[in-house]
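J.: I would like the atomic coordinates for the input below:
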Amino acid sequence: MQYIWQHRLFDPSKLTTVDGRRVRVIDTGRLNTDSGPDFFNAKISIDNYVWAGNVEIHRRASDWKRHNHHLDPAYDSVILHIVEVADTRVSRTNGEEIPTLEMHCSQTFRADYEALVSHSVSQPCARDLESLSPVVLSDWISSLAVERLQSKSQRLRDWLELYKGNWEEVCYIVVARSLGFGINGDAFERLARSLPLLFMQKHADSPTQVEAFLFGQAGLLVEGECRGDDYYARLVNEYAFLRNKFGLTPINPESWRLFRLRPANFPHRRLAMLAQYIHRGFDLFSRICEAGSDDELRAIFKVELSGYWTTHYLFGHVSTESRVVLGESAIDIVLINAVAPLLYTYGLYVGNEAMTDRAMTLLESLRAEKNSIVRRFSEMGIHVSNALESQAVIQLYNEYCQPHKCLYCRIGHKLLSRAAMK
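T.: Presented below is the predicted three-dimensional model:
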């Protein structure tokens with residue numbers, strides 16, 4: 001009933017008080033999520049007299065006394081009591097009667113409402129998506145894409161404050177996270193936040209020491225393991241020196257997940273690639289901002305590993321020699337999850353609208369991500385044609401479908417509005 005009132009899902013021509021007075025809604029008021037009346041600062045007209053105040057909603061009018069509102073001065077400002085069943089009259093603490101309006105929910109609306117908010121069915125709207133206008137869906141997808149970028153931007157702004165305005169440090173963390181490709185993203189982020197970029201920049205002229213920093217801090221270097229692997233032993237010794245020098249504590253090695261990953265996606269080679277960016281001096285953020293085209297952005301992340309990592313996926317396990325580069329699909333993931341949010345956040349930070357537009361245009365130019373969420377919505381009939389749209393459906397699933405916030409989703413709201421009007 002609160003939902004119907006808040007979104008005006010009622011027939012305005014049928015609003016009358018129980019004693020027959022005509023009610024016209026000027027402003028439904030603001031939904032109150034704390035104690036007190038349900039809606040603040042409403043404005044209504046009763047028989048051409050305008051009232052401003054609060055609105056209280058109950059299933060039965062007798063709930064007013066059952067909740068002791070007749071004894072609570074906080075409810076003296078109520079100008080309208082909305083109920084489904086008017087089984088009694090209600091009054092303020094001074095005995096003044098409060099106008100009561102009966103508002104009924106249709107059985108269709110009630111059934112659709114309960115189906116949407118039910119936690120027993122995954123995406124109950126799926127069967128009705130075909131009936132919605134393509135305009136409704138496309139507008140909602142566009143809004144969700146911006147919502148996801150803004151959400152990521154807020155996280156970057158929090159990091160920027162934490163690291164005292166150091167954009168390269170923030171870039172280092174977000175790029176590291178993106179190299180985790182979802183499954184190891186959290187572990188990469190924890191690693192980056194536990195190992196300041198400045199420490200590695202002091203030793204950036206030595207690729208071996210940079211790798212020792214990263215692998216050691218990742219908890220992947222243990223003295224006495226991988227016997228016979230000379231490179232591993234060298235990294236162990238280097239990290240022991242660096243750990244003592246900078247007072248480092250490695251993260252838990254159990255953070256890393258290898259189960260069901262193809263060897264090419266093991267975190268070891270991704271860490272070696274991150275080491276390459278740092279060995280180059282790590283000026284990625286400035287290069288990202290200066291890049292004039294998508295090709296220039298892609299070129300920033302094209303690194304090729306040599307030596308040890310051409311014959312190893314893991315420490316101590318020799319594999320067939322192969323060329324090791326960050327592939328096009330992998331670079332797409334970095335551009336989607338690191339570069340676009342960085343450009344968008346920086347654009348907002350300095351007030352450069354061209355930069356925020358650049359982030360949106362970049363996502364529109366990239367291929368849609370391939371994952372279970374995108375496949376799910378494709379099967380439901382929502383066509384996803386680029387990365388901007390795939391980010392949108394990820395936002396829809398994570399923030400609305402999973403927590404069953406159907407009432408806050410435009411799809412759910414449209415379906416409920418239609419049911420209410422029936």
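J.: Where does pLDDT dip in the protein?
T.: 119-121, 421-422 (pLDDT under 70).
J.: Longest strand of it, counting residues only.
T.: When the chain is parsed with DSSP state E, its longest strand is strand 49-60.
J.: Could you list the alpha-carbon positions for that one in CSV?
T.: What follows is strand 49-60 as a C-alpha-only set of coordinates in CSV (Å, rounded to 0.1, in the frame of the first residue of the first chain):
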residue,chain,number,x,y,z
TYR,A,49,-9.4,22.7,1.5
VAL,A,50,-5.6,22.2,1.2
TRP,A,51,-3.8,20.4,4.0
ALA,A,52,-0.1,20.0,4.4
GLY,A,53,1.4,17.4,6.8
ASN,A,54,2.1,13.7,7.1
VAL,A,55,0.3,10.5,6.0
GLU,A,56,0.0,7.2,7.8
ILE,A,57,-0.8,3.9,6.1
HIS,A,58,-2.2,0.7,7.8
ARG,A,59,-3.9,-2.4,6.5
ARG,A,60,-6.7,-1.9,9.1
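J.: Can you name the element that comes right after it?
T.: Counting by DSSP states H and E, the next helix or strand C-terminal to strand 49-60 is helix 63-66.
J.: still on that earlier bit, from the middle of its chain, how far away would the longest strand of the chain be?
T.: Centroid separation for strand 49-60 versus its chain: 36 Å, with CA atoms, centre = their mean, to the nearest Å.
J.: Parallel or antiparallel, list what pairs with it.
T.: Paired neighbours of strand 49-60 in the sheet (DSSP bridges): strand 39-46 (antiparallel), strand 78-85 (parallel).
J.: Check which residues of the last one are buried.
T.: If I follow you right, that is strand 78-85. For strand 78-85, burial by neighbour count (16 or more other CB atoms under 10 Å) applies to Val78, Ile79, Leu80, His81, Ile82, Val83. C-beta: built from backbone N, CA, C; applies to glycine.
J.: Turn those residues into TSV, columns for distance to Arg418.
T.: Below are the buried residues of strand 78-85 laid out as TSV (distance: CB to CB, whole Å):
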residue	distance to Arg418
Val78	31
Ile79	30
Leu80	26
His81	28
Ile82	22
Val83	25
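J.: State the pair within these that is farthest apart.
T.: Farthest apart among the buried residues of strand 78-85 by CB to CB are Ile79 and Val83. That separation is 14.5 Å.
J.: Return the residues in contact with Asn252.
T.: Shown in contact with Asn252 (CB atoms under 8 Å, 6 or more residues apart in numbering): Gly219.
J.: quick one: it from Asn244, how far?
T.: Using CB to CB, to the nearest Å, Asn252 is found at 20 Å from Asn244.
J.: quick one, strands of this structure?
T.: Under DSSP E, the chain gives strands at 23-27, 30-31, 39-46, 49-60, 78-85, 100-102, 304-305, 312-314, 317-318, 324-325.
J.: residue boundaries of the helices in the stretch 151-300 of the chain?
T.: For the stretch 151-300 of the chain, the helices defined by DSSP state H, counting those that start in this stretch cover 167-178, 185-194, 197-201, 207-217, 230-246, 267-279, 284-290, 294-300.
J.: Many thanks, have a good one.
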